[in-house]
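Trainee: this one's structure only:
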């Protein structure tokens, strides 16, 4: 292995052994570097928090530095770029991390004479025992640099995600992956699959749920327990389920405005302009929306309508809800098992994955899976989908852009932009293979895109991606930052 470069600062000198000790002390599981140009980059330390980490680095010539990161070597997210005009040491903050997760990262240095890289890994702190929640980005409070870095002023942890409203937990944008009224016997399966928020309570008391999930996941309890219970992991409340059908006078529901708490609302799909009004009329929606911080719905094309051909509704209805509640994050419940209504068709691993990415492409900033107990194959699918959401969460919670696919293809598309990278989420919701699908995204300009999780790239033809889509396939194309 080539010898590590050491940071240089006035009165500051380290041996290679000390650098390795610091790296271990601050959560750096491994580090290495590969040279493809006449330059050298090394990792000098990592300071790990619950939702972010600060990576210290050193370069031996003037360079631009960016850090790629993700849950594995696929990475998927780029930090903002830092400049080292004279070489030397600096830091880069990795934002949007989730508690209790292992991440891999790569420091990339570009001197204009080729690239140098250094790889590392870290693990974030546990889910906070006590949490605050909001749907408004908190005011930046300063930097998160570490005194242990030779030059900690190159980058500060003062940025927050921009774009549509998101749920923020302890000041960091948070992508909830939820189940509803789960019994304690199901906690382990849900947690292992990546569930991070439990709505409502079943088979135990609210206090019992909070104590059993403490440090492992968050909770939003049923609103009728408001004011009666508090405890670890509580971030808010859930209004009566499908309240647009079950509550005759929503104005009688409490207007909960607790500091550091949010209120969730689940609707039926009767909110749609094209659907029949709910039992108590469309007048229920304004007071319900006024009482909710985060709004979601269920539609269940397979288990409610018994028709897999209606999967595209997951996308279109999500878009309509986003328009109906501007400024509020939205979510959707994904059918993850039989519900004893449609006996000829049931959700499959493929439909669960397709529905999840259709909802996200349509603008969802959170996902729920119902029912809360799953078969083995569906559990495996939810685990993988949730892992991919964790990897890409900073982008999935950021700015939405407009895109389209040729109408004959039936492929549905959503786009995000984060730190200069473009993310194209494309889903074939049908049971047929679609050949030569044309996806148009302004600004691609012939760039090369990575196909996330497929170990391949694709070259845009101007502003178009052209690709084939097998049945129920979801793809994420990533155009890296150009600066």
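Mentor: Yep, it's here. Keep in mind the model is a prediction, meaning the values are calculated, not measured. Numbers count the residues shown, from 1 in each chain.
Trainee: Was I right to think residue 169 contacts residue 132?
Mentor: Yes - the pair formed by residue 169 and residue 132 meets the contact definition of C-beta atoms under 8 Å, at 7.3 Å. Quick note: C-beta positions are derived from backbone N, CA and C, even for glycine.
Trainee: any residues in contact with both of the two?
Mentor: residue 235 (C-beta atoms under 8 Å, 6 or more residues apart in numbering).
Trainee: Can you pick out the residue with more neighbours from the two?
Mentor: Taking neighbours as other C-beta atoms under 10 Å, residue 169 and residue 132 compare with residue 169 leading, 25 against 16.
Trainee: Mind pulling up the pLDDT for that one?
Mentor: At residue 169, the model reports a pLDDT of 95.
Trainee: same deal with residue 96?
Mentor: 95.
Trainee: again with residue 155
Mentor: pLDDT, read off for residue 155, is 26.
Trainee: do the one 5 residues further on as well
Mentor: According to the model's per-residue confidence, residue 160 sits at a pLDDT of 33.
Trainee: Please apply the same query to residue 193.
Mentor: With respect to pLDDT, residue 193 scores 98.
Trainee: Quick check: can you list the domain ranges of the protein?
Mentor: According to automatic domain parsing, the chain comprises the domains 16-134, 175-397, 401-479.
Trainee: can I assume residue 256 sits in a helix?
Mentor: No - read with DSSP: H, G, I helix; E, B strand; the rest coil, residue 256 is coil and lies in no helix.
Trainee: Could you check the pLDDT of it?
Mentor: In this model, residue 256 carries a pLDDT of 94.
Trainee: from memory it sits against residue 226, does it?
Mentor: Yes - counting by C-beta under 8 Å, residue 256 touches residue 226, with 5.9 Å between them.
Trainee: before we move on, the earlier item: would you format the domains of the chain as a markdown table with distance to residue 165 included?
Mentor: Formatted as a markdown table, those follow (distance: least, C-beta to C-beta, whole Å):
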| stretch | distance to residue 165 |
| --- | --- |
| domain 16-134 | 10 |
| domain 175-397 | 5 |
| domain 401-479 | 14 |
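Trainee: ok, of those, where does mean pLDDT dip lowest?
Mentor: Comparing mean pLDDT over the domains of the chain, the weakest stretch is domain 16-134, at a mean of 83.
Trainee: before we move on, which element is the residue nearest the centre of the chain in?
Mentor: For the chain, the residue whose C-alpha lies nearest the mean C-alpha position (C-alpha atoms, centre = their mean) is residue 393; its distance is 2.2 Å. In this structure, residue 393 sits in helix 376-396 according to DSSP states H and E.
Trainee: Determine the set of other helices and strands touching that helix.
Mentor: Under the contact definition 3 or more C-beta pairs under 8 Å, 6 or more residues apart in numbering; DSSP states H and E, helix 376-396 sits against strand 77-78, helix 349-361, strand 412-418, strand 421-427.
Trainee: List the buried residues for that helix?
Mentor: For helix 376-396, the neighbour count (16 or more other C-beta atoms under 10 Å) marks 378-379, 381-383, 385-396 as buried.
Trainee: For residue 422, which non-adjacent residue is closest in space?
Mentor: residue 479 (4.2 Å; C-beta to C-beta, 6 or more residues apart in numbering).
Trainee: got it, and residue 361?
Mentor: Nearest one to residue 361, counting by C-beta to C-beta, 6+ apart, is residue 414 at 3.1 Å.
Trainee: so who does the one you found touch?
Mentor: Residue 414 is in contact with 315, 360, 361, 362, 363, 400, 403, 424, 425, counting by C-beta under 8 Å, 6+ apart.
Trainee: Quick check: the gap between residue 373 and residue 198.
Mentor: 13 Å (C-beta to C-beta, to the nearest Å).
Trainee: Which residues are in contact with each of the two?
Mentor: Taking C-beta under 8 Å, 6+ apart as the criterion, residue 373 and residue 198 both touch residue 182.
Trainee: Those two - which one has more neighbours?
Mentor: The residue with more neighbours, out of residue 373 and residue 198, is residue 198; 30 against 16, by other C-beta under 10 Å.
Trainee: looking at it, the more buried one is touching residue 218, isn't it?
Mentor: Yes - taking C-beta under 8 Å as the definition, residue 198 is a contact partner of residue 218 at 7.3 Å.
Trainee: so where do the helices sit in the stretch 1-150 of the chain?
Mentor: For the stretch 1-150 of the chain, helices defined by DSSP state H, counting those that start in this stretch occupy the ranges 16-25.
Trainee: before we move on, back to that, for residue 200, see how far away the residue nearest to residue 361 is.
Mentor: According to C-beta to C-beta, residue 414 stands 29 Å off from residue 200.
Trainee: Look up the closest residue to residue 174, ignoring the ones flanking it.
Mentor: Nearest non-adjacent residue to residue 174, counting by C-beta to C-beta, 6+ apart: residue 167, 5.0 Å away.
Trainee: show me the residues around the one you found that make contact.
Mentor: Contacts for residue 167 (C-beta under 8 Å, 6+ apart) come out as 133-135, 173-176, 262, 293-294, 329, 365-366.
Trainee: Which one of those residues is nearest to residue 279?
Mentor: residue 294 (23.6 Å; C-beta to C-beta).
Trainee: now that closest one: how far from residue 268?
Mentor: Counting by C-beta to C-beta, the gap from residue 294 to residue 268 is 17 Å.
Trainee: more neighbours, the two?
Mentor: Between residue 294 and residue 268, residue 294 has the larger neighbour count (other C-beta under 10 Å), namely 25 against 20.
Trainee: Return the residues in contact with that one.
Mentor: Applying C-beta under 8 Å, 6+ apart to residue 294 gives the contacts 135, 167, 176, 262, 263, 264, 265, 328, 329, 330, 331, 366.
Trainee: Can you report phi and psi for it?
Mentor: Dihedral angles of residue 294 (phi, psi; degrees, to the nearest 10) stand at phi -130, psi 130.
Trainee: Show me what it is bridged to.
Mentor: Listed beta-bridge partners, residue 294: residue 264 (assigned using DSSP bridges).
Trainee: From residue 449, how far off is it?
Mentor: Between residue 294 and residue 449 the computed distance is 32 Å (C-beta to C-beta).
Trainee: who touches residue 474 in this structure?
Mentor: 353, 354, 356, 357, 358, 425, 426, 427, 428.
Trainee: wait, residue 352 sits on residue 385?
Mentor: Yes - counting by C-beta under 8 Å, residue 385 is a contact partner of residue 352 at 7.4 Å.
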